[in-house]
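**Q** Build me a model from this:
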Amino acid sequence: MASTGEFCGIDPDEMGRLAVSLDGAAARLTRFCHELGVRLQQEKADVPALREIATIAEWGKSQCSMLLGRADLIRNLSTGAPELGSAVAVTGGQGLVHLPDDLESMELAQELARMYENDILTRSDGDALAGLIHEHADEVTALADHPQAAAAFFAMLPAKSRDKLPSLLTITGSETAKQDLAAFSKALGAALNAPPLVPAFAKVREDLTKPAGSKIVAWNRLTLLKGTNAPARVRSAVARALVLDDFMKNPKQDWRANFDEAKKYDLPPDLVAMALEVLAGDGAAVREAFAGMGGPDVKLSRVEKMKLFLDYADQVGAGDEVADAFGRVLESGAEATTEKPGQHSQAAAAFALDAMLVTGPFGVALPATAKDSMGVIGRSYVHELASGARFDKAANRASGMHIPEHWVSLPGVTPAFYLSPGDAYRFMKTFVEEENSVADFNSAMARFRHDTLLAAARLDAQSDNNYFRDVSMMFGDFSSVMFKATKDALGEEDAAGEHARNFIKNTSGFLMGGFSFTNEFIDLGWEVFQAYGFSDLGDRWDDSFEKQVEKATGQRADLARRMKFDMAYLLYSGGYPTSRPPQELVNTATGTLKTYEELVIDAKREAAGEGKWEEVLRVKLSAYENWMDENGKLDGKVEDAARFQTSDLAENSLRD
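**A** Next up, the predicted model:
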């Protein structure tokens with residue numbers, strides 16, 4: 001029966017009385033037909049209408065059992081209706097109950113619930129039980145397409161059966177336990193997300209969101225709920241009620257449960273980790289949980305609550321799993337993967353600030369399994385980290401949500417909060433030793449740097465307000481702060497070697513292949529930019545490294561000089577007024593200034609078989625320099641930007 005979407009009001013008591021009345025009427029009609037038929041036979045008369053009346057009587061009798069069954073179904077589904085406000089009280093009976101009109105699906109759900117309770121979950125033979133559970137798992141999965149039927153199924157499945165499902169699936173030795181559990185979780189998720197039209201399901205919600213009284217039951221509930229995609233308020237309530245409220249009050253407990261079952265599901269046996277797993281992925285649930293975690297008696301700030309989890313992870317055997325889940329919880333609360341950099345909501349940004357403040361002091365000592373999540377947060381909050389490294393304004397500021405006194409905003413830089421340089425430095429130390437995290441972070445920062453400098457160049461082209469200089473100063477400070485974080489995390493020699501290797505690898509790739517202005521070029525620009533942080537090492541770079549550079553580029557790169565060409569390219573691309581560059585410096589396809597990489601490629605092509613390409617490149621770069629010298633304002637901006645971005649002022653200021 002397809003749902004009409006209209007009101008479906010049913011009084012089960014009246015329906016029961018109707019069924020009894022119909023049964024009596026059908027019986028009387030049947031007797032009447034029989035008695036009249038006997039008389040007519042005696043008179044040898046044939047009345048076809050009498051047979052039709054008898055058929056109607058039989059139909060009436062057949063409807064009685066259906067009506068009585070539905071009355072019973074409705075009574076089961078409407079248990080608790082007055083509490084939900086879904087029923088209108090009627091004197092002498094339960095009253096009119098508002099239920100979905102697709103009662104056929106409800107009947108199927110009832111049959112499935114009775115089958116699992118009476119014929120499946122009560123069996124003791126493991127192999128047969130596992131087979132039966134799996135055999136009907138598709139029917140459970142299908143309930144997700146009928147959320148009210150899914151609600152009916154769980155409303156009629158006894159709580160003790162629901163609370164032991166994850167454990168029971170593994171105890172049977174089933175090889176499909178994960179798949180079967182996913183079926184139940186999917187159906188439960190559909191029911192939890194559906195409008196509350198099945199009053200009895202309110203008891204299921206209530207059971208899920210109250211203390212379990214048993215670690216095994218708590219673990220089972222969390223495991224069942226983890227795959228449900230339940231609403232944020234349900235996730236928060238369940239995680240708090242089963243674990244987190246008590247954890248805030250007394251974290252030093254034994255939170256272990258269900259080792260064998262956890263291993264089979266690839267889930268942590270630790271209840272704290274499982275509660276965090278339930279929250280992870282839902283930012284609203286995370287923030288709601290932290291807001292109320294522990295109840296009114298717990299007076300801890302959000303930062304203090306966060307630190308309890310890191311302290312706990314450092315003390316228990318399941319610490320890696322706790323830290324991993326906690327890292328993903330911080331990602332979610334900060335909306336690091338759901339909101340765009342520079343456009344974060346106030347709630348997410350405030351959470352991210354707290355996450356940075358609590359993890360930053362740990363630095364490299366942050367649990368390893370949480371570090372990749374810090375990289376995710378970092379690349380989502382590049383505006384905040386870049387502006388947090390600034391020393392040109394309000395250098396002694398404290399981290400916070402409000403604009404610091406004497407702060408000057410920069411175009412294209414829209415932080416939702418303001419870090420102190422020290423807090424920016426400390427947070428970057430949490431992930432700079434993670435190769436993949438750093439690579440992703442560098443890619444995000446590369447695009448941010450490129451786009452911001454280009455936007456500043458365009459603004460200066462219209463009205464020269466020195467935005468290009470100021471933005472260059474910001475990125476110079478950031479590079480210096482990040483380099484210090486890297487050196488302190490890995491050691492100066494390792495840090496220099498890693499950045500140098502990345503620079504050589506990427507530069508060699510461009511020199512050996514073709515070139516086009518793509519995202520790869522932007523990334524390369526950042527790698528080169530990062531390498532400028534090592535320019536103060538000068539001759540302290542050892543001979544082997546120097547030989548590597550010479551082997552890759554034909555000569556040791558003058559990094560500061562390279563920076564000038566990059567800055568000139570961005571200014572020209574932004575429309576900054578200049579004379580027309582020499583034709584050999586212009587890309588005929590795009591009409592814009594050639595990049596340094598393009599000039600290298602041209603030099604190699606032109607010198608093929610006739611001499612060293614380095615000599616050809618030197619001639620081209622001399623023409624480039626002469627053109628910049630002819631354009632004094634451009635040249636001054638290029639010099640300032642290059643010097644600011646190679647400055648180690650921020651690193652030295654951090655030491656102070």
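**Q** mind showing which ranges of the stretch 151-300 of the chain have poor pLDDT?
**A** The model of the stretch 151-300 of the chain has no residue with pLDDT under 70.
**Q** can you rerun that using 90?
**A** Applying pLDDT under 90 to the stretch 151-300 of the chain flags residues 151-152, 155-162, 164-165, 167-177, 194-203, 213, 227, 252, 257-264.
**Q** Kindly report the same for the stretch 401-550 of the chain.
**A** 432-436, 438-439, 442-443, 446, 464-465, 476, 479-550.
**Q** So for the protein, which residue is the most central one in space?
**A** residue 281 (4.3 Å; CA atoms, centre = their mean).
**Q** Give the helix, strand or coil label for it.
**A** The local conformation at residue 281, judged by DSSP: H, G, I helix; E, B strand; the rest coil, is coil.
**Q** these two touch, right, residue 417 and residue 404?
**A** No - using CB atoms under 8 Å, residue 417 is not in contact with residue 404, being 10.6 Å away. All C-beta atoms are positioned from the backbone trio N, CA, C, and that covers glycine.
**Q** Comparing those two, which residue is more hemmed in?
**A** Of the pair residue 417 and residue 404, residue 417 is the one with more neighbours under other CB atoms under 10 Å, namely 22 against 16.
**Q** Dihedrals phi and psi, the more buried one?
**A** The phi/psi pair for residue 417 (degrees, to the nearest 10) reads phi -150, psi 170.
**Q** And the helices in the stretch 101-250 of the chain?
**A** Under the criterion DSSP state H, counting those that start in this stretch, the stretch 101-250 of the chain contains helices at 103-114, 126-135, 137-142, 147-156, 159-171, 177-193, 201-208, 215-226, 232-239, 245-249.
**Q** follow-up on the earlier one: so what's the residue nearest to the centre of the chain up against?
**A** Counting by CB atoms under 8 Å, 6 or more residues apart in numbering, residue 281 makes contact with 328, 332.
**Q** State the distance from it to residue 229.
**A** Look at residue 281 and residue 229: by CB to CB, to the nearest Å, they are 9 Å apart.
**Q** Equivalent analysis for residue 27, please.
**A** Separation of residue 27 from residue 229 (CB to CB): 51 Å.
**Q** sec struct for the closest residue in space to residue 408 that isn't next to it in sequence, please.
**A** The spatially closest residue to residue 408, leaving aside those adjacent along the chain, is residue 393, at 5.2 Å (CB to CB, 6 or more residues apart in numbering). Under three-state DSSP, the three-state class of residue 393 is coil.
**Q** can I assume residue 393 is in contact with residue 410?
**A** No - using CB under 8 Å, residue 393 and residue 410 do not qualify as a contacting pair, with a distance of 9.7 Å.
**Q** Please say which of these two ends up with more neighbours.
**A** residue 410 (22 against 17).
**Q** Next up, phi/psi of that one, please.
**A** Reported as degrees, to the nearest 10, the phi and psi values for residue 410 are phi -110, psi 140.
**Q** Only the buried residues of stretch 408-418, if you could.
**A** Burial within stretch 408-418, assessed by neighbour count using 16 or more other CB atoms under 10 Å, is assigned to 410-413, 415-418.
**Q** roughly how far is that stretch from the heart of the chain?
**A** Remark: stretch 408-418 is offset 25 Å from the chain centroid, using CA atoms, centre = their mean, to the nearest Å.
**Q** Ok, stretch 193-200 next?
**A** Centroid separation for stretch 193-200 versus its chain: 27 Å, with CA atoms, centre = their mean.
**Q** now do stretch 474-487
**A** Its chain's C-alpha centre and that of stretch 474-487 lie 28 Å apart, by CA atoms, centre = their mean.
**Q** about what we covered before: so which of the helices of the stretch 101-250 of the chain is the most surrounded?
**A** Of all these, helix 147-156 has the most neighbours on average by mean count of other CB atoms under 10 Å, namely a mean of 27.
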